[in-house]
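> what follows is a predicted structure for the sequence shown.
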Amino acid sequence: MSTTLTFAKALNTALADEMESDSTVVVFGEDVGLLGGVFRITDGLTARFGEERCFDTPLAESGIMGMAIGMAMNGLRPVVEMQFDAFAYPAFEQVVSHVAKMPNRTKGKVKLPMVIRIPYAGGIGGVEHHCDSSESYYAHTPGLTVVAPATVQDAYTMLREAIRHPDPVVFLEPKKLYWSKEDLELESLRESVGSFGRAVVAREGSDATLIAYGPSVSTAMNAAAAAAEEGRSLEVIDVRSIVPFDDETVAASVRKTGRAVVIAEAPGFASVASEIVARVQERCFHSLAAPVLRVTGFDIPYPAPKLEQFYLPSVDRILDAVDDLQWEDA
């Protein structure tokens, strides 16, 4: 029997299911207790599991992260919420200096099984510090697993996988997708949680590959649909896992189509998008009919809400990039 869930409710259900099955899972952060979080991702968890398992913290991200490190070192599986993407920066020193390095520092003797949930990216018209795309900072930090679900089903399964993972996971939640909906066979999903690290083909195509993750996947899908009306077949790859990165699935698609565009909301310079471009060109050079292109945010601080629509990758910008893939040589 299928159940209609929003992206937010899928995350909430995943947290509840893991807390039910594993008593070492604890959830905490700013306003996650009685309020249920600003996006209501933790709604009802305090009432169901008690204040010792889901609780509010002071407005001190570095303190939240430090407490999570200590808990993880001592047998718990903390799931912490950084209320907004740019709110996480005060905790970044803890992430880089301790979360990412502890297992290596101790030669694997001390594991940190913890999840850092970060509502991230744009699409909601948020003011400064409430919309940012910070994935490159985490992806550049060895020792972290970094994932970004783009569907309701992945929101559920990937969060459960993240909580069960033996090492620290940065779990990036696209804010604009919180209200998206899907019908899920929830009971079967509860028995089929898989593993990290694999991309998926979100749409089959033959002429070019659009490579995206998180909030950009839906934009890529819309661009592929628009291109189909013009007779062009675009394949869409949902990366899902930024670190580790699934070179096999991405390269197989690009070798098939011979052309690729990478789409991401973050600024393009020294970004996850530029890393994907490099990896694709290294592995697929002899299959490429044109250079791999990028459609990204601009290299400026995240703009004010009224300018957001001009900053974010759009269907038109993606189709313009596709048009630039040297089709005259095909």
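Received the coordinates, thanks.
> residue boundaries of the helices in this protein?
7-21, 45-49, 61-73, 92-94, 102-105, 135-139, 152-164, 186-190, 216-229, 247-257, 272-284, 308-311, 315-323 (DSSP state H).
> out of these, flag the one nearest residue 111.
Residue 111 lies closest to helix 102-105 among those, at 5.8 Å (Cβ to Cβ). C-beta coordinates here come from the backbone N, C-alpha and C atoms, glycine included.
> off-centre distance for that closest one?
Distance of helix 102-105 from its chain centroid, counting by Cα atoms, centre = their mean, to the nearest Å, is 24 Å.
> contact partners of that helix?
Helix 102-105 is contacted from outside by 69, 73, 110-112, 143, 167, using Cβ atoms under 8 Å, 6 or more residues apart in numbering.
> redo the helices of the chain as JSON lines? Include mean pLDDT and distance to residue 203.
Output for these, formatted as JSON lines (pLDDT from 0 to 100; distance: least, Cβ to Cβ, whole Å):
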{"stretch": "helix 7-21", "mean pLDDT": "97", "distance to residue 203": "19"}
{"stretch": "helix 45-49", "mean pLDDT": "98", "distance to residue 203": "35"}
{"stretch": "helix 61-73", "mean pLDDT": "97", "distance to residue 203": "37"}
{"stretch": "helix 92-94", "mean pLDDT": "97", "distance to residue 203": "35"}
{"stretch": "helix 102-105", "mean pLDDT": "94", "distance to residue 203": "37"}
{"stretch": "helix 135-139", "mean pLDDT": "97", "distance to residue 203": "22"}
{"stretch": "helix 152-164", "mean pLDDT": "96", "distance to residue 203": "15"}
{"stretch": "helix 186-190", "mean pLDDT": "82", "distance to residue 203": "22"}
{"stretch": "helix 216-229", "mean pLDDT": "98", "distance to residue 203": "5"}
{"stretch": "helix 247-257", "mean pLDDT": "98", "distance to residue 203": "11"}
{"stretch": "helix 272-284", "mean pLDDT": "98", "distance to residue 203": "18"}
{"stretch": "helix 308-311", "mean pLDDT": "94", "distance to residue 203": "24"}
{"stretch": "helix 315-323", "mean pLDDT": "98", "distance to residue 203": "13"}
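> can I get these in JSON lines including distance to residue 37 and mean neighbour count?
Formatted as JSON lines, the helices of the chain follow (distance: least, Cβ to Cβ, whole Å; neighbours: other Cβ atoms under 10 Å):
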{"stretch": "helix 7-21", "distance to residue 37": "9", "mean neighbour count": "22"}
{"stretch": "helix 45-49", "distance to residue 37": "9", "mean neighbour count": "17"}
{"stretch": "helix 61-73", "distance to residue 37": "13", "mean neighbour count": "20"}
{"stretch": "helix 92-94", "distance to residue 37": "21", "mean neighbour count": "17"}
{"stretch": "helix 102-105", "distance to residue 37": "27", "mean neighbour count": "15"}
{"stretch": "helix 135-139", "distance to residue 37": "21", "mean neighbour count": "22"}
{"stretch": "helix 152-164", "distance to residue 37": "14", "mean neighbour count": "23"}
{"stretch": "helix 186-190", "distance to residue 37": "21", "mean neighbour count": "14"}
{"stretch": "helix 216-229", "distance to residue 37": "23", "mean neighbour count": "21"}
{"stretch": "helix 247-257", "distance to residue 37": "33", "mean neighbour count": "18"}
{"stretch": "helix 272-284", "distance to residue 37": "26", "mean neighbour count": "19"}
{"stretch": "helix 308-311", "distance to residue 37": "23", "mean neighbour count": "14"}
{"stretch": "helix 315-323", "distance to residue 37": "31", "mean neighbour count": "17"}
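> got a markdown table for these, with distance to residue 300 too?
Listed next are the helices of the chain as a markdown table, based on distance: least, Cβ to Cβ, whole Å:
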| stretch | distance to residue 300 |
| --- | --- |
| helix 7-21 | 28 |
| helix 45-49 | 38 |
| helix 61-73 | 25 |
| helix 92-94 | 21 |
| helix 102-105 | 35 |
| helix 135-139 | 15 |
| helix 152-164 | 30 |
| helix 186-190 | 40 |
| helix 216-229 | 18 |
| helix 247-257 | 28 |
| helix 272-284 | 16 |
| helix 308-311 | 8 |
| helix 315-323 | 16 |
